[in-house]
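[1] here is a sequence together with a model predicted from it:
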Amino acid sequence: MIIRSPEPEVKILVDRDPVKTSFEEWARPGHFSRTIAKGPDTTTWIWNLHADAHDFDSHTSDLEEISRKVFSAHFGQLSIIFLWLSGMYFHGARFSNYEAWLSDPTHIGPSAQVVWPIVGQEILNGDVGGGFRGIQITSGFFQIWRASGITSELQLYCTAIGALIFAALMLFAGWFHYHKAAPKLAWFQDVESMLNHHLAGLLGLGSLSWAGHQVHVSLPINQFLNAGVDPKEIPLPHEFILNRDLLAQLYPSFAEGATPFFTLNWSKYTEFLTFRGGLDPVTGGLWLTDIAHHHLAIAILFLIAGHMYRTNWGIGHGLKDILEAHKGPFTGQGHKGLYEILTTSWHAQLSLNLAMLGSLTIVVAHHMYSMPPYPYLATDYGTQLSLFTHHMWIGGFLIVGAAAHAAIFMVRDYDPTIRYNDLLDRVLRHRDAIISHLNWVCIFLGFHSFGLYIHNDTMSALGRPQDMFSDTAIQLQPVFAQWIQNTHALAPGATAPGATTGTSLTWGGVI
């Protein structure tokens, strides 16, 4: 007799046709709220109409219904993102000097906006070089397109049309997953399956496909561009993908195909998967071959990580077990109960995600100017400044959002009667000590920063400039940043011995 574990049952995780599709609700403004549906008394009604439309918690207390509305709204958000992207690519195709910029990115400024001659407004157009008059853009799109291997306006048009199609698909998906096949609550709470799919599918296969695109399209095209070949003379992307011999002319190891991979002779691939470090002194950006190698390596890590959690099969970790095993000598029950919080309170989940994404965005802001990921981003100082400001603002907003949703979680979803001696409970119990410490730290930083100004003013008034904190007297130097910059300035000697000078003044260049 053979004893087997019972076969896992396939659960039906969607409801069919749960909400009838009807346009009648559109004729009743505020149908989602009993108060607003009565009609306007004051102008407050208009503000509430907009403010409460997406406050799904106030419409119903049914967590499944709230989850479905949020999930459906995500598709609407994606649709708007695709529409916006399509607009960016269309402007690049229709109104820009992208092809001229490609041929001389150090002397021609990027422009994708030409003001029409209406009541003298054309005075806003400036000479960006190459005989083109327009407004210079500082979004970094040209640099991204170059790094992607886009060489013509036709390719930008095709991408714009593709993004429009995806925008329409996302709108359809939002309707379909609310009105036709809406997931059940169990589906939203199946975190192990969700993590496996997001890690292996979204991040793993996503990074792998991007690495494939970089190796087969971006690298050869950028090699031609950097060598000064006219973009119109460069073979089209599909030719590199379909014709291995073409790639083998640039990277001879391509002629051997996958043999070095399966024979573990991976060093053959170092022509296009490098680990140079530093920056390309010609473009001022990270080496594109390093970036391709990075995406391939990270894809493998994510594909392995995507097999970590236990789903229908009996192997793997359970997230609840991992969290509840976190108990230190000073943390009481540790993370006990956190799994239930994060699977029943979307505000708690959102606040954590916003805090992490916000912090990461600020890290990105600083890395983008010190290690520019795209070619010729380093020399476009307006774009550098704009991208830094953009990412700092976004990071700040996300962190404020994290605090807001954490507060909503504490008010609406946190139940102190069933939380005892876990980490959150312990933090709340000594919050007075935490707040008073934060208070003196803020006061300390403020007084000492202001103290520097007072010191300098006093020394200046007493005629003692040699005792001031300045670049010419008592110096406060960013020694770690200088060390990194010096490393970048010296790196081309090893990574690009043929280059005569660096691109950016920061890295010791002359441009």
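    Right, received. Where do you want to start?
[2] could you report the neighbour count for Ile484?
    Look at Ile484: counted by other CB atoms under 10 Å, it has 12 neighbours. (Glycine included, C-beta is placed from N, CA and C.)
[3] quick check: closest non-adjacent residue to it.
    Closest residue in space to Ile484, ignoring its immediate chain neighbours: Ser370 at 6.7 Å, by CB to CB, 6 or more residues apart in numbering.
[4] quick check, that neighbour in contact with Trp483.
    No. Contact criterion CB atoms under 8 Å: Ser370 and Trp483 do not qualify, at 11.8 Å.
[5] so between those two, which is more surrounded?
    Using other CB under 10 Å, the more surrounded residue of Ser370 and Trp483 is Ser370, with 13 against 10.
[6] which ones are touching that one?
    Residues counted as contacts of Ser370 (CB atoms under 8 Å, 6 or more residues apart in numbering) are 481, 484-485.
[7] and Leu203, by the same measure?
    The neighbours of Leu203, taking CB under 8 Å, 6+ apart as the test, are 298-299, 302, 306.
[8] now do 7 Å
    Neighbouring residues of Leu203 by CB atoms under 7 Å, 6 or more residues apart in numbering: Phe302.
[9] did I read that right, it in a helix?
    Yes. Residue state for Leu203 (DSSP: H, G, I helix; E, B strand; the rest coil) corresponds to a helix.
[10] give me the residue at the spatial middle of the chain.
    Closest to where the C-alpha atoms of the chain average out (CA atoms, centre = their mean) is Thr361, at 7.2 Å.
[11] quick check: closest non-adjacent residue to that one.
    Counting by CB to CB, 6+ apart, Gly395 is the residue found nearest to Thr361 once chain neighbours are left out, at 3.7 Å.
[12] and the residue nearest to the centre of the chain, that one's in a helix?
    Yes. Counting by three-state DSSP, Thr361 is part of a helix.
[13] can you pull the contacts of it?
    Contacts of Thr361 were listed using CB under 7 Å, 6+ apart, and they are 391, 394-395, 398.
[14] same list (those) but as CSV, adding secondary structure, distance to Thr417 and pLDDT.
    Shown next, in CSV, are the contacts of Thr361 (DSSP: H, G, I helix; E, B strand; the rest coil; distance: CB to CB, whole Å; pLDDT from 0 to 100):
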residue, secondary structure, distance to Thr417, pLDDT
His391, helix, 42, 98
Ile394, helix, 38, 98
Gly395, helix, 36, 98
Leu398, helix, 32, 99
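[15] let's have those residues in a markdown table, adding distance to Ala53.
    A markdown table is the format used below for the contacts of Thr361 (distance: CB to CB, whole Å):
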| residue | distance to Ala53 |
| --- | --- |
| His391 | 29 |
| Ile394 | 24 |
| Gly395 | 27 |
| Leu398 | 22 |
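[16] CSV for these, including neighbour count and distance to Glu192?
    Compiled in CSV, the contacts of Thr361 are given as follows (neighbours: other CB atoms under 10 Å; distance: CB to CB, whole Å):
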residue, neighbour count, distance to Glu192
His391, 20, 32
Ile394, 16, 30
Gly395, 19, 30
Leu398, 19, 26
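[17] which of those residues sits closest to Leu377?
    His391 (13.2 Å; CB to CB).
[18] contact partners for the closest one?
    By CB under 7 Å, 6+ apart, the contact set of His391 is 361-362, 364-365, 368.
[19] spatially nearest residue to it, not counting backbone neighbours?
    Leaving aside its chain neighbours, His391 sits nearest to Ala365 (3.5 Å; criterion: CB to CB, 6+ apart).
[20] for Ala355, see how far away the one you found is.
    Using CB to CB, to the nearest Å, Ala365 is found at 16 Å from Ala355.
[21] please apply the same query to Val14.
    Per CB to CB, Val14 is found 32 Å from Ala355.
[22] ok, these two, which is more surrounded?
    For the pair Val14 and Ala355, the greater number of neighbours falls to Ala355 (17 against 12), based on other CB under 10 Å.
[23] now secondary structure and distance to Leu445 too, for the contacts of Ser370, in TSV please.
    Shown next, in TSV, are the contacts of Ser370 (DSSP: H, G, I helix; E, B strand; the rest coil; distance: CB to CB, whole Å):
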residue	secondary structure	distance to Leu445
Ala481	helix	20
Ile484	helix	25
Gln485	helix	26
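[24] pLDDT check: weakest of those?
    Lowest pLDDT within these is found at Gln485 (74).
[25] what's the neighbour count on that one?
    When counting by other CB under 10 Å, one arrives at 16 neighbours for Gln485.
[26] coming back round to it: buried sites along the helix or strand harbouring the residue nearest to His391?
    Ala365 belongs to helix 346-370 when assigned by DSSP states H and E. By neighbour count with 16 or more other CB atoms under 10 Å, helix 346-370 contains the buried residues 346-351, 354-355, 358, 361-362, 364-365, 368-369.
[27] closest to Asp471 out of those?
    Among those, Tyr369 lies closest to Asp471 (CB to CB), at 20.6 Å.
[28] from His390, how far out is the closest one?
    Applying CB to CB to Tyr369 and His390 gives a distance of 12 Å.
[29] and the strands in the stretch 101-250 of the chain?
    Counting by DSSP state E, counting those that start in this stretch, the stretch 101-250 of the chain has strands at residues 111-113, 126-129, 132-136, 181-183.
[30] right, and Leu288 touches Ser218 too?
    Yes. With contact defined as CB atoms under 7 Å, Leu288 reaches Ser218; the gap is 6.1 Å.
[31] find residues that contact each of those two.
    Ala147.
[32] which of those two has more neighbours?
    Leu288 (26 against 23).
[33] any idea how far that one lies from Ala403?
    Here the criterion is CB to CB. By it, Leu288 lies 39 Å from Ala403.
[34] still on that earlier bit, name the nearest of the contacts of His391 relative to Leu205.
    Nearest to Leu205 among the contacts of His391 is Val364, at 22.7 Å by CB to CB.
[35] so how far is Trp483 from that closest one?
    According to CB to CB, Val364 and Trp483 sit 21 Å apart.
[36] what is the rounded mean pLDDT of stretch 161-177?
    The average pLDDT for stretch 161-177 rounds to 98.
[37] buried ones in stretch 19-32?
    Buried residues in stretch 19-32, defined by neighbour count with 16+ other CB under 10 Å: 30, 32.
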